[in-house]
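In: Following is a predicted model, sequence given first.
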There are 2 protein chains.
Amino acid sequence: MVNKASDKLNMRITLQDVADDAGVSRSTASLVLNNNSRISDPTRERVLNSVKRLGYIYNQKAASLRTQRSNTIGLIITDITNPFYAELIHGIEVELKRNGYIALLGSTADLIENQNDLLRIMQERSVDGIILVPAENTTIDAIEHLKSDVSTVLVSRYLQGVQVDYVGIDNELGARRAMEALIDKGHERIAFIGGAHNSSARQDRLMGYTSILEKYTLPQSEQLIMSTPVTRSGGFKAVQSLLRMENPPTAALCYNDVVAFGVMLGLRQAGLEPGHDFSVVGFDDVEEAALWSPSLTTIAAEPSKMGEEAARLLLHRIQNPDETERQIIMPSTLVLRSSVNIRRTYI
Amino acid sequence: MVNKASDKLNMRITLQDVADDAGVSRSTASLVLNNNSRISDPTRERVLNSVKRLGYIYNQKAASLRTQRSNTIGLIITDITNPFYAELIHGIEVELKRNGYIALLGSTADLIENQNDLLRIMQERSVDGIILVPAENTTIDAIEHLKSDVSTVLVSRYLQGVQVDYVGIDNELGARRAMEALIDKGHERIAFIGGAHNSSARQDRLMGYTSILEKYTLPQSEQLIMSTPVTRSGGFKAVQSLLRMENPPTAALCYNDVVAFGVMLGLRQAGLEPGHDFSVVGFDDVEEAALWSPSLTTIAAEPSKMGEEAARLLLHRIQNPDETERQIIMPSTLVLRSSVNIRRTYI
DNA sequence: ATTATTTAGTAAATCGGTTTACTAAAGAAC
DNA sequence: GTTCTTTAGTAAACCGATTTACTAAATAAT
């Protein structure tokens, strides 16, 4: 008597078993599964019956060894507990499912070593394509090299100087809109809080921030620009240190919603009421943003739609490897809620 | 000149190429990669050099066709945008990574058809094991059948009457603790809000709810027990309908945190202040729970730890197919925060 | 010096599908 | 009635690794 483990292995019904059962050759059985018109209806019927009767499970691995396609893609993000990415993944999944694909998932924690590991692991598993939110310090070379090996789509963060498919929003425009809203309410000392140093998303948002300050000749200062981990506690600590300045800001544009949530908590901890004493704007409009109290003013990125778009783009790329790369920039609209209000003096 | 697509395929370096380059047989090259001691150090060196020089990428698929192991597992949850699952996935990923595994991800939206599709897709890709949050209406038979094909661990929801590995919390005890806390503050009419009808987690929580009502001989009513989608808007609508009762409750035990967030929003929409006019308790203690205003009283499930535990259990099961199944019940502790307060009359 | 054992490496079968080139039989064309 | 097509199906090579059984050379044992 063999053990349970090998039971499981030995039990697996192969296409040969199906063919034998149906009284045809393995080739015929394979052609049936692939809906090849060369097989007559009665034979087809017989094979399909055997498939059902024996409980045959298709072996995608064996097939893809030959066909060089796995109907599996790799999905690499930085942090799944960030709701922006959770919603992004959801959108990607929906679109993949429509097309019979499924994703291998990995998070990098924004560390390049993890990203390299994941890229290797996924390529070893012959994914047909990769959707990547590039970790901080990802090099142009790395992306060039990657996309020469496997179809690749970047999401949310871009790398200047590479021709590669990309889906994102207009970060600079979004930031400008957010800033105009704050200035409209009378704010003049406005901080920029959060984000990993070298991400394109942050740089673009920062550029929008700066350009509006210049446009209105408002005070600029290195001290008003803070780089933090992209977490609630990152925002929490940053705003508290800002409040200790001699001449603190009255409003903040945050790198994203998660950081903004942290900022609002930090304000309250410091005895200030967000939206009343201090205005806050986020970025992304994750589901939760509308639900906070005060509800968060933010730039809507529609992460779920972005995901669908990215998946669509990748599947298209897999089908058409030779087309020129496309950059899809989705609109970044301001959603004005109660975390932004008329400036008051609180000191 | 071939096109780019076939370039990508033709370019892939095989172990044979490596062997040729190193002047050894394919078998030797393979043995080197698997750290077999039969190969001498100089030869090993030569092979590894060729691997690096040619940029060889191991073909896990070809290997696993032979070895019957893929170092890949399937991970099926109901909804990734629920932070409980996002944190659970994070924990799973961490533990998998430690052991050189990676996960195929799929969400069911709690629909059995989706679950069946995903299970098939994952088995076709020969995952070594599956971590499953069973969708509503999953049958005992389905699980029995599944675990006879592939190592399986259930998380968060259990199915009565199947011997299968499981990681979860003590839902009934947690619910009892939550109820005691509410009663301690003087609440007598307490609702139970949310959750899919047939999930074991809900039934156990409900049992704890009922048993405490009985213990204190407090009013029980079908109308106080509501089943909703596990979403914010599910909780939002449910509490509003409860408030329209002639004799509405003054507190609610919610199926989980996400539903509780919806309930708090619904209260505010109805002009009531959660924690002040109406007490709310959640379940899970997702990161966000501490950050709400009012902060949410909840039963801590430590989703990330649960994930690690589940992954550990699955990997153990894969190694030891014949051991008896284990059920890991993690402690469910009450985290008392400001959403629970002394009962007031608000009508 | 001869035999036994160990060491280092290889040839070939194998995993489970796909796909190309081929064939036998039936039908159409003349 | 012969030849030409078409139809329906099959044999066998192939994808890229692993692994077993084998061999030649080197070393140890007697």
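Out: Received, thanks.
In: for A:Gly307, what are its contacts?
Out: Counting by CB atoms under 8 Å, 6 or more residues apart in numbering or on different chains, A:Gly307 touches A:87-95, A:155. Quick note: C-beta positions are derived from backbone N, CA and C, even for glycine.
In: Now the two most distant members of these.
Out: Farthest apart among those by CB to CB are A:Val94 and A:Val155. That separation is 14.8 Å.
In: Please say which of these two ends up with more neighbours.
Out: Shown here are A:Val94 and A:Val155; by other CB atoms under 10 Å in any protein chain shown, A:Val155 has more neighbours (28 against 15).
In: List the beta-bridge partners for that one.
Out: Per DSSP bridges, the residues bridged to A:Val155 are A:Val167.
In: Touching, it and A:Val133? I think so.
Out: Yes. At 5.3 Å, A:Val155 counts as touching A:Val133 under the criterion of CB atoms under 8 Å.
In: Okay, and A:Asn35 sits in which element?
Out: Counting by DSSP states H and E, A:Asn35 is held by no secondary-structure element, helix or strand.
In: Is stretch A:39-52 in proximity to DNA strand D?
Out: Yes. Residues of stretch A:39-52 contacting DNA strand D under CB under 7 Å from any atom of the strand: A:39-40, A:42-43.
In: downstream neighbour of the lowest-mean-pLDDT helix or strand in chain A in the secondary structure list?
Out: Least confident helix or strand, chain A: helix A:4-11 with a mean of 42, by mean pLDDT, DSSP states H and E. Per DSSP H and E, the first helix or strand lying C-terminal to helix A:4-11 is helix A:15-22.
In: anything in the helix or strand just after that next one near chain B?
Out: Going down the chain from helix A:15-22, the next helix or strand is helix A:26-33, by DSSP H and E. No. Helix A:26-33 stays clear of chain B (CB under 8 Å from any CB of the partner chain), getting no nearer than 11.5 Å.
In: and helix A:26-33, what other elements does it pack with?
Out: For helix A:26-33, the packing partners by 3 or more CB pairs under 8 Å, 6 or more residues apart in numbering or on different chains; DSSP states H and E come out as helix A:15-22, helix A:41-54.
In: Kindly report the residues of the stretch 1-150 of chain A close to DNA strand C.
Out: A:12-16, A:26-27, A:30-31, A:33-34, A:56-59, A:62-63, A:65-67.
In: quick one, what contacts the nearest residue to A:Ala19 once chain neighbours are set aside?
Out: Closest residue to A:Ala19 apart from its sequence neighbours, by CB to CB, 6 or more residues apart in numbering or on different chains: A:Ala29 at 4.1 Å. By CB under 8 Å, 6+ apart, A:Ala29 lies in contact with A:15-16, A:18-19, A:22, A:47, A:50.
In: change it to 10 Å
Out: Neighbour list for A:Ala29: A:14-22, A:39, A:43-44, A:46-48, A:50-51, A:56 [criterion: CB atoms under 10 Å, 6 or more residues apart in numbering or on different chains].
In: Reformat the helices and strands packed on helix A:26-33 as TSV; add mean pLDDT and mean neighbour count.
Out: Below are the helices and strands packed on helix A:26-33 laid out as TSV (pLDDT from 0 to 100; neighbours: other CB atoms under 10 Å in any protein chain shown):
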stretch	mean pLDDT	mean neighbour count
helix A:15-22	96	18
helix A:41-54	95	16
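In: Can I get those in a markdown table including distance to B:Arg343?
Out: Listed next are the helices and strands packed on helix A:26-33 as a markdown table, based on distance: least, CB to CB, whole Å:
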| stretch | distance to B:Arg343 |
| --- | --- |
| helix A:15-22 | 66 |
| helix A:41-54 | 60 |
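In: how about the helices of chain A, start to end?
Out: In chain A, the segments counted as helices under DSSP state H are A:4-11, A:15-22, A:26-33, A:41-54, A:60-67, A:83-98, A:112-124, A:140-149, A:171-184, A:200-215, A:232-243, A:257-269, A:303-319.
In: Point out where chain A drops to low pLDDT.
Out: Scanning chain A for pLDDT under 70 picks out A:1-11, A:345-347.
In: go again using 80 as the cut-off
Out: Applying pLDDT under 80 to chain A flags residues A:1-11, A:197-198, A:344-347.
In: Surely A:Ser233 touches A:Val239?
Out: No. Between A:Ser233 and A:Val239 there is no contact under CB atoms under 10 Å: 11.1 Å.
In: And the two? Which one has more around it.
Out: Neighbours per residue, other CB under 10 Å: of A:Ser233 and A:Val239, the larger number sits with A:Val239, 32 against 15.
In: ok now do the more buried one, which residues does it touch?
Out: By CB under 10 Å, 6+ apart, the residues touching A:Val239 are A:191, A:193-194, A:226, A:228, A:248-249, A:252, A:254, A:259-260, A:262-267, A:269-270, A:272, A:274, A:278, A:280.
In: do the same with A:Lys147
Out: Applying CB under 10 Å, 6+ apart to A:Lys147 gives the contacts A:129-130, A:132, A:153-154, A:162-165, A:317, A:325, B:8.
In: For those, which two are the farthest from each other?
Out: Once CB to CB is applied, those give A:Leu154 and B:Lys8 as the farthest pair, at 18.2 Å.
In: of the two, who's got more company?
Out: Comparing A:Leu154 with B:Lys8 by other CB under 10 Å, the one with more neighbours is A:Leu154, at 27 against 17.
In: Look up how far A:Gly307 lies from the closest residue to the more buried one other than its chain neighbours.
Out: The shortest distance from A:Leu154 to any residue other than its chain neighbours is 4.6 Å, reached at A:Tyr166 (CB to CB, 6+ apart). A:Tyr166 is 14 Å from A:Gly307, where distance means CB to CB, to the nearest Å.
In: Also A:Asn114?
Out: From A:Asn114 across to A:Gly307, the span is 21 Å (CB to CB).
In: Could you do A:Thr67 as well?
Out: Counting by CB to CB, the gap from A:Thr67 to A:Gly307 is 27 Å.
In: Next: A:Ala178.
Out: Per CB to CB, A:Ala178 is found 23 Å from A:Gly307.
In: Give the buried residues for stretch A:139-148.
Out: The neighbour-count criterion (16 or more other CB atoms under 10 Å in any protein chain shown) identifies A:142-143, A:146-147 as the buried residues of stretch A:139-148.
In: Identify each buried residue in stretch A:82-100, please.
Out: Within stretch A:82-100, the residues that count as buried by 16+ other CB under 10 Å are A:82-93, A:95-97.
In: Please apply the same query to stretch A:98-115.
Out: By neighbour count on 16+ other CB under 10 Å, the buried set for stretch A:98-115 is A:101-108, A:110, A:114-115.
In: now those residues as JSON lines including distance to chain B?
Out: Below are the buried residues of stretch A:98-115 laid out as JSON lines (distance: CB to the nearest CB, whole Å):
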{"residue": "A:Tyr101", "distance to chain B": "9"}
{"residue": "A:Ile102", "distance to chain B": "5"}
{"residue": "A:Ala103", "distance to chain B": "6"}
{"residue": "A:Leu104", "distance to chain B": "6"}
{"residue": "A:Leu105", "distance to chain B": "4"}
{"residue": "A:Gly106", "distance to chain B": "6"}
{"residue": "A:Ser107", "distance to chain B": "6"}
{"residue": "A:Thr108", "distance to chain B": "11"}
{"residue": "A:Asp110", "distance to chain B": "14"}
{"residue": "A:Asn114", "distance to chain B": "8"}
{"residue": "A:Gln115", "distance to chain B": "12"}
